[in-house]
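Q: quick check, what structure comes out for this input:
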Amino acid sequence: MVRVDPETRRIYLACARGLVAGHISLDAADDAGLDIELPVFTVGQVGQLANIHPQTLRQYDRLGLIVPERTEGGARRYSLRDLDRLGQAQHLSQDESINLAGVTRILALAEENRQLRRQLRRSHQSQGSSMFAAAADGRVVEVRRSSRARLWRQDTTHDEADPTDSKSLIVWSVRSRDR
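A: Below is the predicted model of the structure:
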């Protein structure tokens, strides 16, 4: 099980609240760079977030509806994906009166559809459009291209006839409304 620092935990908790309230989607969290599979939340936290009794969560686990990761000690740890599935399951069972077997099937199809949309979105990106950088912890991360990027060239020869002999720098402007 991965240890999560307090700041990261706060970020995931804020995202979870947004998911439960319907302010953000799982795809938006994924696109923002959050690991939607990261098992962060305890049974109690998920119960409070989703306003559901922890025993109901345990029952959903036994039925295979929402199956969280387990720690080495056997404690359940839920991810953003699990929380999203829980919200959908609650809506389908309580508001639409669909039985749990139907809910399980609908959730499986919805996840398959989400994955296909994600693959389609990525396939529409032009070849070679991905860039990679080193994260602060040393991991290699994909950096999405942006219309905010500016390419600055410094001509080292002062001869514009040979553009291959120049140095380039890409600068991104980051605005809070773009996040």
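Q: CA atoms for contacts and neighbours, from now on please.
A: OK.
Q: what about the strands in this structure?
A: 69-70, 76-77, 131-134, 140-143, 149-155, 166-172 (DSSP state E).
Q: where does pLDDT dip in the chain?
A: Applying pLDDT under 70 to the chain flags residues 1, 125-136, 138, 140-179.
Q: ranges for the helices of it?
A: Taking DSSP state H as the criterion, the chain carries its helices at 6-21, 26-31, 43-50, 54-63, 80-90, 100-123.
Q: now distance to residue 69 and mean neighbour count too, for those, in a markdown table please.
A: A markdown table is the format used below for the helices of the chain (distance: least, CA to CA, whole Å; neighbours: other CA atoms under 10 Å):
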| stretch | distance to residue 69 | mean neighbour count |
| --- | --- | --- |
| helix 6-21 | 16 | 16 |
| helix 26-31 | 18 | 16 |
| helix 43-50 | 11 | 18 |
| helix 54-63 | 10 | 15 |
| helix 80-90 | 10 | 21 |
| helix 100-123 | 18 | 14 |
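Q: can you lay out the ones you listed as TSV showing distance to residue 71?
A: Formatted as TSV, the helices of the chain follow (distance: least, CA to CA, whole Å):
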stretch	distance to residue 71
helix 6-21	17
helix 26-31	23
helix 43-50	12
helix 54-63	15
helix 80-90	15
helix 100-123	24
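Q: compare those helices and give me the one nearest residue 72.
A: Closest of the helices of the chain to residue 72 is helix 43-50, at 15.5 Å (criterion: CA to CA).
Q: helices or strands next to that closest one in the packing?
A: helix 6-21, helix 54-63, helix 80-90 (3 or more CA pairs under 8 Å, 6 or more residues apart in numbering; DSSP states H and E).
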